[in-house]
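In: quick one: sequence and predicted model below, then my questions.
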Amino acid sequence: MITSMITILLLPLIIGTGLYLKAAPLFDQHSFIHLVFSSQWAPSKGAFGFWPFIAGSLYVTVLSFLFTAPVCLLAAIYLTQFSSKQLIKVMHPVIDVLAGLPSVIYGVWGILIIVPLVSDYISPLFNTTSSGYSILSGGIVLAVMCIPYTLNMLIEVFNTVPSGLKEAALSMGATQWESVKHVVIRGNYPGIISAYGLGIAKAFGETIAVMMVVGNLVKVSINPLDAAYPLPALIANNYGEMLSIPMYDAALMFAAFLLLVIILAFNLIFRYLIHKTKRQ
């Protein structure tokens, strides 16, 4: 048991070390800062700038979080505090089914529904054109994928609130909503932050569904109707080419290393926020 626990604790370090060693030849030709912040991507010329991929990943993830966070919070509050038990019995299997669907199904759904929606209806609202394969499409598809995952965690968090605390608030004259606001929500800030943090980390690493709808174009743009190229899509799309272009294998390993570091950073930031809220 102790060996299994130590192995699990060391796994992130082992994976990170392996990726770093495979990417190390790239550091002989480029500095770490140059690789992260350069926008020039021309593998055949030895130019490996990862900023468009990092920016694309962050943009799609932030958009998905903006769509997911309010929906999950309000749905979790309603399901745990206001809805009937029959509705919860119906919703739980539906949420579990959505959480278990393969990401390629979400990707196909995105191509059939979301991409035409963005191209034919949303883009004309802003007097512009778009193929529909865009950051916005990626954010919407990713949000739909993350909703069951985050919602499940929030429901578990809110179900841990002792009913006695809510009854005590009601007995002191608080309304139903005031007891939810002060006891359920404020008393569970660490759990809410943890659920959102895990949701963001999952969203950042999603590959197939996002790759199918985001356009996969190497560029940096603040326009959500433009295409982007997230880091996971870069690795998945180009892995087969790594033997034909010098240093390409090291570059893709560096992309995987970056992905690991950013996800670890997200987790550390949210762990810090949880620690801060627990002390308050």
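Out: Okay, I see it. Nothing here was measured: the structure is a model prediction, and the numbers come from that model.

In: what about the one helix or strand N237 maps to, distance to the chain center?
Out: For N237, the host element (DSSP states H and E) is helix 231-238. Here helix 231-238 shows a centroid-to-chain-centroid distance of 16 Å under the convention Cα atoms, centre = their mean, to the nearest Å.

In: quick one, the helix or strand just after that helix and helix 231-238 angle?
Out: Next helix or strand after helix 231-238 toward the C-terminus (DSSP H and E): helix 248-279. Computed by axes from the mean of the first three to the mean of the last three Cα atoms, to 10 degrees, the angle separating helix 248-279 from helix 231-238 equals 160 degrees.

In: elements contacting helix 248-279?
Out: With contacts taken as 3 or more Cβ pairs under 8 Å, 6 or more residues apart in numbering; DSSP states H and E, helix 248-279 sits against helix 2-27, helix 51-77, helix 189-205, helix 231-238. For every residue, glycine as well, the C-beta is placed using N, CA and C.

In: what mean pLDDT does that helix get?
Out: The pLDDT scores in helix 248-279 average 84.

In: buried residues, the helix or strand of the chain with the lowest mean pLDDT. List them.
Out: Within the chain, judged by mean pLDDT, DSSP states H and E, the helix or strand with the poorest mean is helix 163-171; its value is a mean of 79. Buried residues in helix 163-171, defined by neighbour count with 16 or more other Cβ atoms under 10 Å: K166, A169.

In: got the contact list for it?
Out: With Cβ atoms under 8 Å, 6 or more residues apart in numbering as the contact definition, helix 163-171 has outside contacts at Q176, E178, S179, V180, H182, V183, V184, G187.

In: distance of L19 from L136?
Out: 31 Å (Cβ to Cβ, to the nearest Å).

In: settle it for me: which of these two has more neighbours?
Out: Taking neighbours as other Cβ atoms under 10 Å, L19 and L136 compare with L136 leading, 27 against 20.

In: which element is the more buried one on?
Out: For L136, the host element (DSSP H and E) is helix 135-159.

In: quick one: buried ones out of the contacts of helix 163-171?
Out: S179, V180, V183, V184.

In: middle-most residue in this structure, spatially?
Out: Ranked by distance to the mean C-alpha position of the chain (Cα atoms, centre = their mean), the top residue is A203 at 1.7 Å.
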